[in-house]
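Got a sequence here, can you model it:
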Amino acid sequence: MTGPAPRPPAAAPGAAPDPAPGADPYDGEAYPAPYDPEPDPYDPHGDPYDPDRDPYAPGRDLYGDPDADPYDLPGDGDSAGTSGEAPGLGAKAAIAASVADQGVAAFTNIIVLVVAARLSSAAGFAVFSMVYMVFTVLLGINVSYVGQALVLERGTARVRAACRSAAVFTALASTAIGLAMAAGLGMFARGATAHGLAVLGLVLPVVLTQDGLRYCFSALRLPHYALAGDTVRLLVAVPALAVQPHGAGPERLVAVWGVSAVPALLVAGALLWPRVRGARADVRAYVRRGHLGRRFVVEFGVGNATSQLAVVGLGLFAAPLAVGALRGATTLFGPMNVLFNSATAFGPPLLNRVRGTAGKVRATAVLAVALAWVAALWTLVLMLLPAHAGRQLLGDTWAASAALLAASGSQYAAIALGTSALLTLRVLRPRATLPIQVVFSLLSVAFMLAGYRVDGVYGAAWGLFAGSALKALALWLRIASVRRAGPAADDDVPGEDAEPVSAGSSAGPR
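Next up, the predicted model:
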């Protein structure tokens with residue numbers, strides 16, 4: 001835990017940090033785009049995106065096991081434990097654990113923001129929201145640099161060593177960055193936002209490492225362990241924040257939120273240790289020239305991070321209250337984020353079972369319409385919510401966020417159409433998505449800033465809708481082009497040109 005962030009499913013490919021206010025939730029590359037299968041100058045062993053590493057390739061299960069049924073999750077029947085790993089779960093139990101973990105993580109993010117909004121003034125929640133968004137960006141960078149590379153590892157010994165290396169690197173890197181933030185901002189900067197970021201620096205090693213361990217459980221095929229850790233996180237964080245006095249400052253709320261992750265970190269660490277004990281940690285692998293995480297960070301940077309940092313800049317240099325209003329509106333749409341993440345997490349393997357381009361497009365078109373209708377109905381529910389109930393949810397921030405519901409609801413309906421289209425292209429023509437992502441990520445930022453200039457935060461919200469709607473339109477037009485291309489675009493053989501999928505990344509909001 002919409003990190004915050006929604007978190008990605010721990011054991012199945014998919015899911016995201018929560019989109020930060022103003023961020024387009026399907027902005028980032030959930031499935032890293034493949035690169036030209038020529039020798040890679042950054043990888044002495046050739047193209048890391050070859051079909052052998054595709055978890056959805058024929059003859060592989062969802063976790064890349066070449067000896068398993070493609071749709072049979074690890075731990076089914078007699079296969080559990082055959083590789084020397086701890087016995088896993090059956091297919092249905094593994095999916096249930098992944099979905100439950102994602103739900104718990106998303107709910108934690110939603111309730112943390114709701115409690116913070118209720119306890120804070122509008123100005124205080126605006127500061128808390130900016131700090132939380134900075135954390136979301138740092139979390140996305142860590143997920144890209146460490147987590148997405150980790151879940152591509154295969155082989156029992158390699159996975160165990162990679163998990164230990166990832167945990168150690170995350171702890172060391174977050175400590176170094178956190179201490180630099182705390183020292184620099186705490187000693188040389190003034191203002192509530194700077195002090196809140198300094199406090200974030202102090203708790204950064206705890207919250208980033210706790211989140212990073214979920215990718216270890218994903219690589220080890222133990223989604224129920226990730227669920228256990230996130231459940232502890234929920235059960236500790238919410239009561240710890242709820243007992244704070246009304247009017248508590250953002251620095252105090254950030255500190256309580258960060259420290260409340262300690263029990264979850266200890267539980268996750270205790271569960272992980274027996275699985276990695278004896279494995280050799282190689283932290284230097286993360287700073288070597290060929291590390292895949294560098295590419296994933298670039299993709300994250302041109303996607304989600306661009307929009308998130310633009311909103312942070314809007315708060316720092318123009319209107320801090322705008323960030324709180326946008327964040328409050330995004331929080332209200334948390335249930336939609338869970339649906340987007342689930343569709344992105346489990347859509348690819350299911351879509352690959354549908355034969356023919358036309359069949360795949362029809363399936364995702366139905367999904368797009370269904371998700372858009374759910375977004376519209378949820379918007380209607382929120383707009384009909386009595387003012388006193390809204391204030392119970394968001395406190396002083398409700399009035400500003402309620403004014404944005406029409407724009408935010410329209411944006412989420414557009415996101416539903418775009419997420420389904422993105423899912424379609426990633427199965428049919430993966431290389432087609434990155435150019436659209438880059439162009440329309442920047443265009444969304446431009447629309448948001450232009451909208452703010454015309455009509456303040458209300459205009460910014462409609463600008464975000466315009467960016468999401470145009471991206472969805474561009475994606476569906478690209479799908480139409482693929483269909484017209486005929487058999488060359490047909491991907492009847494799953495995985496032939498597919499992208500590697502990382503557990504824990506998502507096109508949808510996290």
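
Could I get the contacting residues of the closest residue to L417 other than its chain neighbours?
In space, and not counting its chain neighbours, L417 is closest to A472: 4.1 Å by C-beta to C-beta, 6 or more residues apart in numbering. Where C-beta positions appear, they are placed from N, C-alpha and C, glycine not excepted. For A472, the contact set (C-beta atoms under 8 Å, 6 or more residues apart in numbering) comprises 414-415, 417-418, 421.

Would you tell me what the next helix or strand after the helix or strand of the chain with the lowest mean pLDDT is?
Least confident helix or strand of the chain, by mean pLDDT, DSSP states H and E, is helix 306-317 with a mean of 64. Downstream of helix 306-317, the next assigned helix or strand under DSSP states H and E is helix 320-332.

Please work out the average pLDDT along that following helix.
Averaging pLDDT along helix 320-332 gives 75.

Then stretch 389-397?
Mean per-residue pLDDT for stretch 389-397: 79.

So, low pLDDT: which residues of this protein?
1-91, 299, 302-321, 341-342, 344-350, 430, 486-510 (pLDDT under 70).

Taking helix 320-332 as reference, get the angle to the longest helix that it contains.
Determined from DSSP state H, the single longest helix within the chain is helix 433-485. Interaxial angle of helix 433-485 relative to helix 320-332 (axes from the mean of the first three to the mean of the last three C-alpha atoms, to 10 degrees): 50 degrees.

next one: helix 433-485 to chain centre, how far?
19 Å (C-alpha atoms, centre = their mean, to the nearest Å).

do the same with stretch 377-391
Relative to its chain's centre, stretch 377-391 lies at 26 Å (C-alpha atoms, centre = their mean).

next one: stretch 200-219
14 Å.

Would you mind putting the CA coordinates of it into PDB?
Only the C-alpha atoms of stretch 200-219 are listed here, as PDB (Å, rounded to 0.1, in the frame of the first residue of the first chain):
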ATOM      1  CA  LEU A 200       9.200  10.600   5.100                       C
ATOM      2  CA  GLY A 201      13.000  10.200   4.700                       C
ATOM      3  CA  LEU A 202      13.200   8.900   8.300                       C
ATOM      4  CA  VAL A 203      10.600   6.200   7.700                       C
ATOM      5  CA  LEU A 204      11.500   5.500   4.100                       C
ATOM      6  CA  PRO A 205      13.700   2.400   4.800                       C
ATOM      7  CA  VAL A 206      10.700   0.800   6.700                       C
ATOM      8  CA  VAL A 207       8.000   1.400   4.200                       C
ATOM      9  CA  LEU A 208      10.000   0.700   1.100                       C
ATOM     10  CA  THR A 209      11.600  -2.500   2.400                       C
ATOM     11  CA  GLN A 210       8.200  -3.800   3.700                       C
ATOM     12  CA  ASP A 211       6.700  -3.200   0.200                       C
ATOM     13  CA  GLY A 212       9.700  -4.700  -1.500                       C
ATOM     14  CA  LEU A 213       9.400  -8.000   0.300                       C
ATOM     15  CA  ARG A 214       6.100  -8.600  -1.500                       C
ATOM     16  CA  TYR A 215       8.000  -9.100  -4.700                       C
ATOM     17  CA  CYS A 216      10.200 -11.700  -3.000                       C
ATOM     18  CA  PHE A 217       7.100 -13.600  -2.200                       C
ATOM     19  CA  SER A 218       5.900 -13.200  -5.700                       C
ATOM     20  CA  ALA A 219       9.100 -14.600  -7.100                       C
END
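
re earlier: make TSV from the contacts of A472 and add secondary structure to it.
Formatted as TSV, the contacts of A472 follow (DSSP: H, G, I helix; E, B strand; the rest coil):
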residue	secondary structure
A414	helix
I415	helix
L417	helix
G418	helix
A421	helix
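
Out of those, which comes closest to L253?
Nearest to L253 out of these is I415 (C-beta to C-beta; 28.4 Å).

Could you give the number of residues near that closest one?
32 (other C-beta atoms under 10 Å).

what's the answer for the one 3 residues further on, then?
When neighbours are defined as other C-beta under 10 Å, G418 has 30 of them.

contacting residues around it?
Per C-beta under 8 Å, 6+ apart, neighbours of G418: 26, 468, 471-472, 475.

among those residues, which two are most distant?
Top of the distance list for these (C-beta to C-beta): S468 and L475, 10.7 Å.

quick one, phi/psi of A261?
Main-chain dihedrals, A261, degrees, to the nearest 10: phi -80, psi -10.

What residues does it make contact with?
A261 neighbours (C-beta under 8 Å, 6+ apart): 203, 206-207, 210, 233, 236-237.

One more: T379?
405-406, 408-410, 412-413.

How far off centre is the helix or strand harbouring it?
Using DSSP H and E, T379 maps to helix 357-383. Put simply, helix 357-383 sits 20 Å off its chain's centre (C-alpha atoms, centre = their mean).

can you give me the angle that helix makes with helix 433-485?
Put simply, helix 357-383 runs at 130 degrees to helix 433-485, going by the same axes, to 10 degrees.

Next, the buried residues of the helix or strand just after helix 357-383.
Using DSSP H and E, the next helix or strand after helix 357-383 towards the C-terminus is helix 387-394. Using 16 or more other C-beta atoms under 10 Å as the test for burial, helix 387-394 gives 390-391, 393-394.
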